[in-house]
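>>> the sequence and its predicted three-dimensional model are supplied below.
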Amino acid sequence: MSVRSQTAMQQYENVDFSQVLITDGFWKTHVDKVKAVTIPVCIHQTEVATPRIRNFEVASGMREGKHEGIYYDDSDVYKALEAIAYSLKNNPDKALESKADEWIDKIAKSQQPDGYINTFYTLTPTQTRWTDMHRHEAYCGGHLIEAGIAYYNATGKRTLLDVGIRFADHLDATFGPGKRHWVPGHQEIELALVKLYKTTNNDKYLKLSDWFLNERGHGHGTWNNPEQVQDVKPLTEQTKVTGHAVRAMYYFSAAVDVAALTGNKDYVKAMNTLWEDVTYRNLYITGGIGQTRRNEGFTADYDLPNGSAYCETCASVGMVFWNQRFGKLTGESKYIDVLEKSLYNGALDGISLKGDLFFYVNPLSSNGVGERREWFGTACCPSNIARLIASLGNYIYAYSDNSVWVNLFIGSKANIPLKGQNVNMEIETAYPWDGTVRMTVNPAKRRQNFALRIRIPGWVRGEASPGDLYRFYDSQPTACTLSVNGKTVPYTEEKGYAVVNRAWNPGDVVEWVMPMNVLKVASREEVKNNSNRMAFQRGPLVYCVEGPDNGQVWNLIVPRDARTSVKEGNVLSEKIIAIDIEGKSATPSPDGTGIAVANKTLIAIPYYTWCNRGNSQMQIWLPNKIETVTVNGEEPAL
């Protein structure tokens with residue numbers, strides 16, 4: 001395999017979060033809560049409430065004891081460190097950095113002389129390393145490598161990075177062509193090795209990542225159910241998404257990474273097919289994926305139950321990863337459309353508004369039984385959503401030789417390195433509540449020629465989702481307006497972007513205005529769970545009705561021609577735009593012989609805010625007519 005330039009097949013490169021300052025009224029509150037609340041929660045759970053750090057202390061010889069917890073718990077320590085690193089880059093904190101250094105010292109002392117590190121195997125004499133593909137050794141090592149890179153980039157300190165490099169060298173000495181076969185039970189090392197290649201410029205890590213990608217589908221795995229780990233066919237022959245959703249997302253993200261760096265068109269072809277399979281037939285309206293708890297993943301096309309939807313938070317994070325990479329590879333806006341939907345809905349729902357409670361599973365309806373929790377036995381989600389939000393700046397801007405790309409509409413300031421010139425950009429907006437985005441362009445010198453490419457979201461173009469899994473009722477594409485220094489200017493459309501190519505001067509102000517209407521959403525008829533039901537969306541946000549605002553939500557009806565209006569509101573301290581929907585409620589008649597239907601104004605709130613005011617009933621997909629009568633408010637089978 002020959003290694004080409006770092007951008008062999010990419011249309012653009014993302015601006016690193018370290019060059020982006022988040023000032024956004026919506027997102028800055030969440031970024032600040034991750035630093036002030038979520039990261040301390042992760043530290044407490046990792047160090048005090050659970051034995052994760054104690055395992056490293058025992059493995060390093062700092063205390064006596066044995067391994068406690070689950071064999072993959074090391075990964076949560078590494079993801080917490082990665083979140084800390086992202087937070088430190090934009091928000092230096094001596095005490096937080098000192099705590100991270102303390103953890104890193106214990107980790108480094110736990111590493112074996114040959115580079116191997118895993119507290120479960122080090123502390124469990126009855127277990128032999130690299131004998132059980134289910135045990136996530138490479139998965140833990142991948143998160144170690146990612147944390148080491150993030151911490152090095154944030155602080156300049158190499159200790160954790162060097163631990164990761166030694167582990168990667170151990171892998172390279174153990175596995176690969178002419179050595180041992182190995183199929184990791186949970187993909188992750190593939191992603192990490194690409195990042196390590198980009199950090200060190202050492203080709204062997206990219207080659208090893210590619211080798212791991214190609215180990216699947218050749219009978220090397222030791223599974224009862226190879227479909228669960230995407231190991232039935234080689235990557236380039238896969239056409240149907242199967243198995244565990246998070247594993248699939250990490251696998252596919254790495255494949256796009258490797259394709260971009262090596263020019264592997266067979267990978268790109270396979271990824272296109274699999275992306276369409278996910279997006280056109282297996283994607284929830286929230287951007288969540290994974291229909292069932294049984295395999296924490298995929299079932300059959302168009303099988304999208306609401307109340308039993310799994311939609312793991314980590315899977316939505318994985319959708320953000322995969323679609324970001326596809327956007328870079330192709331320059332097409334549809335991938336960022338899916339990224340945005342997953343980010344604002346399926347992923348953000350995974351963390352409470354206060355930042356201290358979490359969802360592992362994100363259903364689309366609830367009878368009031370589920371609740372947010374402080375932590376989980378398998379605790380991948382809290383630190384995963386923390387690291388995503390802390391690194392949010394990675395997803396806003398991008399650049400190519402002579403273009404600045406605006407992918408997400410998030411208030412921020414950024415330094416963008418175009419070829420031979422730097423451009424400072426500033427975005428001011430009340431998005432997602434308002435569709436007006438003000439961008440100030442500050443090139444390094446006067447009359448610099450480059451193109452500004454602004455994403456035109458699918459919901460503006462009348463597209464509820466790429467493909468036709470979802471559609472808007474009676475919605476026509478709406479026109480955006482673009483002005484420069486107060487004067488309307490024409491723009492061309494390329495791959496879903498509004499393109500303005502001109503000579504820019506310091507202080508030029510671009511105003512991009514997107515109509516922000518309430519949109520009614522329907523599913524394809526094959527989605528039986530949503531038959532004769534309707535959902536509501538405004539901008540990138542999917543809405544739901546919840547008990548605190550509406551009381552009983554299982555007796556609500558919304559005619560297709562229902563009128564809507566918007567109003568300012570709040571859920572706890574979170575300021576929102578709510579939707580009033582002119583609907584109806586159905587209740588047993590006073591004599592008990594029939595159903596009484598009365599007009600009722602429904603209040604819909606953004607899906608990400610639900611279950612922050614206690615357990616309650618919730619629905620996204622609302623029926624257009626009475627189909628099922630329930631008893632005692634129990635949830636019907638959806």
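That came through, no problem.

>>> can we go C-alpha only for contacts and neighbour counts from here?
OK.

>>> what average pLDDT does stretch 231-249 get?
For stretch 231-249, the per-residue pLDDT values average out at 97.

>>> all helices of the stretch 251-400 of the chain, in order?
For the stretch 251-400 of the chain, applying DSSP state H, counting those that start in this stretch gives helices covering 265-281, 313-330, 333-341, 380-390.

>>> which strands or helices does the second one pack on?
Judged by 3 or more CA pairs under 8 Å, 6 or more residues apart in numbering; DSSP states H and E, the packing partners of helix 313-330 are helix 245-262, helix 333-341, helix 380-390.

>>> what angle do that helix and helix 380-390 make?
Counting by axes from the mean of the first three to the mean of the last three CA atoms, to 10 degrees, helix 313-330 lies at 40 degrees to helix 380-390.

>>> and helix 313-330, how far from the chain's centre?
Relative to the centre of its chain, helix 313-330 is centred 7 Å away, using CA atoms, centre = their mean, to the nearest Å.

>>> export only the CA atoms of that helix, formatted as CSV.
The C-alpha coordinates for helix 313-330 follow below in CSV (Å, rounded to 0.1, in the frame of the first residue of the first chain):
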residue,chain,number,x,y,z
THR,A,313,-25.6,7.9,22.7
CYS,A,314,-22.3,6.6,21.5
ALA,A,315,-23.8,5.5,18.2
SER,A,316,-25.0,9.1,17.5
VAL,A,317,-21.5,10.3,18.4
GLY,A,318,-20.2,7.7,15.9
MET,A,319,-22.6,9.2,13.3
VAL,A,320,-21.0,12.5,13.8
PHE,A,321,-17.5,11.0,13.3
TRP,A,322,-18.5,9.1,10.2
ASN,A,323,-20.4,11.9,8.5
GLN,A,324,-17.7,14.5,9.3
ARG,A,325,-15.2,12.3,7.5
PHE,A,326,-17.5,11.7,4.5
GLY,A,327,-18.0,15.5,4.2
LYS,A,328,-14.3,16.0,4.1
LEU,A,329,-13.9,13.3,1.5
THR,A,330,-16.6,14.5,-0.9
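
>>> residue nearest the middle of this protein, spatially speaking?
Val317 (2.3 Å; CA atoms, centre = their mean).

>>> out of the helices of the stretch 251-400 of the chain, which gets nearest to Lys106?
Minimum separation from Lys106 across those (CA to CA) falls at helix 380-390, 19.4 Å.

>>> who's in contact with that closest one?
Applying CA atoms under 8 Å, 6 or more residues apart in numbering, the contact partners of helix 380-390 are 30-31, 34-35, 38-39, 42, 75-76, 79-80, 82-84, 86-87, 312-314, 317, 347-348, 350-351, 358-360, 375.

>>> residue contacts, the closest residue to Asp169 other than its chain neighbours?
Take Asp169 and drop its neighbours on the chain: the residue closest to it by CA to CA, 6 or more residues apart in numbering is Gly115, 7.2 Å away. Contacts for Gly115 (CA under 8 Å, 6+ apart) come out as 163, 166-170.

>>> what segments of the stretch 351-500 of the chain are strands?
Assigned by DSSP state E, counting those that start in this stretch, the stretch 351-500 of the chain shows strands spanning 365-367, 397-400, 403-406, 412-418, 421-429, 436-443, 448-455, 470-472, 481-484, 487-488, 492-494, 497-504.

>>> low pLDDT regions in the stretch 351-500 of the chain?
Counting by pLDDT under 70, the stretch 351-500 of the chain has low-confidence residues at 475.

>>> actually the stretch 101-250 of the chain, sorry about that
The stretch 101-250 of the chain contains no residues with pLDDT under 70.

>>> what ranges does it have for its helices?
Along the stretch 101-250 of the chain, the stretches classed as helices by DSSP H, counting those that start in this stretch are 119-123, 137-155, 159-174, 189-200, 203-215, 245-262.

>>> re the thing from before, of all the helices and strands packed on helix 313-330, which one is nearest Ser308?
Comparison of those against Ser308 by CA to CA identifies helix 245-262 as nearest, at 15.2 Å.

>>> would you mind getting the angle between that closest one and helix 203-215?
For the pair helix 245-262 and helix 203-215, the angle between their directions (the same axes, to 10 degrees) equals 130 degrees.

>>> chain center to helix 245-262: distance?
Between the mean C-alpha point of helix 245-262 and the mean C-alpha point of its chain there is a distance of 14 Å (CA atoms, centre = their mean).

>>> now stretch 550-567
Relative to the centre of its chain, stretch 550-567 is centred 29 Å away, using CA atoms, centre = their mean.

>>> and if you look at stretch 50-68?
Averaged C-alpha coordinates place stretch 50-68 at 32 Å from its chain's average position (CA atoms, centre = their mean).

>>> could you tell me the end-to-end distance of that stretch?
With CA to CA, to the nearest Å as the measure, the first residue of stretch 50-68 is 9 Å from its last.

>>> again, but for stretch 604-620
Using CA to CA, the span of stretch 604-620 from its first residue to its last is 9 Å.

>>> okay, buried residues for that stretch please.
604-612, 615-620 (16 or more other CA atoms under 10 Å).
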